Structure formats: C-alpha cells, structure tokens
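>>> only geometry, no sequence info:
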C-alpha cells in the first residue's frame, strides 16, 4: 500500500509537482489517445507521427491539470480534509494540500499553468487539422474545469460521471480528428464503451469518499442515491459499455475482432460483485477499484490493437 505524501519527505520539487498530478491515473488518457489513433488508421488515414506524439503529450498534460484543479477545489470545499475512509492513492485526492506538501495557492497556480500550456499546442494542431479541433479542445477544457470548479461543480450535482464519459470520448475523438481532419463515427463507436468504463472508475471511487463528500456538501451520485442503491449503478454502467461495443460490432461499425475487448467484462463484473458485497465497507473496496482500473485500460488497449490491425468485416 502506497504511503501518503509528507512535507518532511526528502524529494525534489520536480518529483513533488509530478506526483501531485496523480500520474497513476493518466494511463486512461494514453489509452484513449491510442484508440483515437487506431480509429483513424482503421479508416485508412495515414498517421502523422509528430502530430500524434504532440496530441498524446498535451492530452496527458490536460488530464494532469484537471487532476490538480480537482484537488484544489476539493480542498476549498473541505471534501478531502473530511475524507477519513479514503483508499490512498485511489481516492481522497493526492493529499498534497492536506499533508502540507503544497499550499492551496501553489496547487491552483500549478493547475492553471498545466491547462494553459495545452492551449498553444491545441491551436498548433488545429492549424493542420481544422477548426473542429478547437471546439473539441474547448469542450474538453470545460469538462475538466466544470467537473469540480464553481459555479457548475458537476460532480457535486451528481453529474460527474456524465462529465467524465464526455471528456474521455472527446480524448478519443480529438486524437482521431487531429489525424483525419474531420469528424467521423468510428472514434465514437470505438470510444464510447471505453469512456463509460472510465466513468465507472470515478463512480466506484465515490464509495470510499461518500462520507467525506456528504459532510462537505458534495452531492455526488453515490451520495444522492446512497450506497445500497448506488451499488447497482456500477453494473448498469458496465452493462451499457459492453452492450454498446457489441452493438457497434454487430452493425459493422467496428471490425469483428473488436469484440475481443468485451472479454474484459470478466473484470468489470467481478468488481461489480465485490462492490455489491462491500458497498458500505470502504476498506474492502481496494480490489474492486484495481479491477475497475484494469478493465478500463485493458478494454481500451484491446480496442486499439484490434482497430489498428484488423479489417472491417
């Protein structure tokens, strides 16, 4: 089990700021980009390696900035400070503010610096792909900001899962758009099931955070529904994700080989069972969270591989 960051720990400033971005969670953005690149390739688009690398790097930067911004606003609301049931490093934030490693002002400046760096890169990419990318990028930044920041505070209104699913669908679609220069259905067909599984990661993380969120007035979907009712939501989201994938393969919108990504339902359904058994026992949810992370990442990797190398039926 990883230990929480401490102010007296001997480490460099670079390592501190890097760790504050919660890098373990950035893998889902890398996988989302890979799906987008594979979707373009599946439709016969010749990939531009430089633009692909820039897209991935700055998508990761945007995700990192959103993570830090979320820590900042959860510190202001008191949600992370009140979270005594957290399962570090998965829930309860990075703990950098709560443990005195960074101040709230340092965290805010770092978050907006990261998000600000994304803008010129996005404009450069849009010069070669089209103004549609600006719309995708702006929508993504709005999701990242509005998830936790006032006045919208989507997560506090029970809309966090919708914001996360939308943001990661935009990661896939945006990466595809950079290469293709136009909107297309393939990245949506491939990306939506992945985006739902990423949303399920947010959803299950809300169970250990439930008491702290409720105490701080953060009305997440799990807080609103209560643990006993909300536990069924995880299964519903997973079922929608795999149902979408099967539908898209069945309608020949994706190569038949993409159906292999549905095998990760074993991980998702195992996590769903653990959640049903321990929804009110936060300390027992660590295995279910790990399974959820594995399901999302493996699902996306299989989708990317089968899209990139398989032919449409």
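Nice, thanks for sending it over. Treat the numbers as computed from the prediction; the structure is a model and nothing was measured.

>>> C-alpha only now, for contacts and for neighbours.
OK.

>>> So which residue is dead centre in this structure?
When the chain is reduced to its mean C-alpha position, the nearest residue by C-alpha atoms, centre = their mean turns out to be residue 198, at 5.2 Å.

>>> for stretch 263-282, the distance to its chain's centre please.
19 Å (C-alpha atoms, centre = their mean, to the nearest Å).

>>> do stretch 43-51 as well
24 Å.

>>> What residues sit buried inside that stretch?
43, 47, 51 (16 or more other C-alpha atoms under 10 Å).

>>> Residue 178 is in contact with the last one, correct?
Yes. Using C-alpha atoms under 8 Å, residue 51 is in contact with residue 178, at 7.3 Å.

>>> joint contacts of these two?
Here residue 51 and residue 178 share the contacting residues residue 125, scored by C-alpha atoms under 8 Å, 6 or more residues apart in numbering.

>>> picking that back up, please flag which of the buried residues of stretch 43-51 sit within helices.
Taking DSSP state H, the ones among those that sit in helices are residue 51.

>>> for this structure, where's the lowest mean pLDDT among helices and strands?
helix 13-20 (a mean of 91; mean pLDDT, DSSP states H and E).

>>> contacting residues around that one?
With contact meaning C-alpha under 8 Å, 6+ apart, helix 13-20 is reached by 68, 94, 96, 101.

>>> mean confidence for stretch 32-47?
For stretch 32-47, mean pLDDT rounds to 97.

>>> actually stretch 87-100, not the one I typed
Mean predicted confidence for stretch 87-100 is 92.

>>> related to what we said a few turns ago, pick out whichever of the contacts of helix 13-20 sits closest to residue 271.
residue 94 (23.4 Å; C-alpha to C-alpha).

>>> Name the SS class of the closest one, please.
coil (DSSP: H, G, I helix; E, B strand; the rest coil).

>>> same thing with the one 3 residues further on?
Here residue 97 is recorded as coil under three-state DSSP.

>>> what number of residues lie near the closest residue in space to it that isn't next to it in sequence?
In space, residue 97 comes closest to residue 103 once its chain neighbours are excluded; the distance is 5.6 Å by C-alpha to C-alpha, 6 or more residues apart in numbering. Neighbours of residue 103 under the rule other C-alpha atoms under 10 Å: 14.
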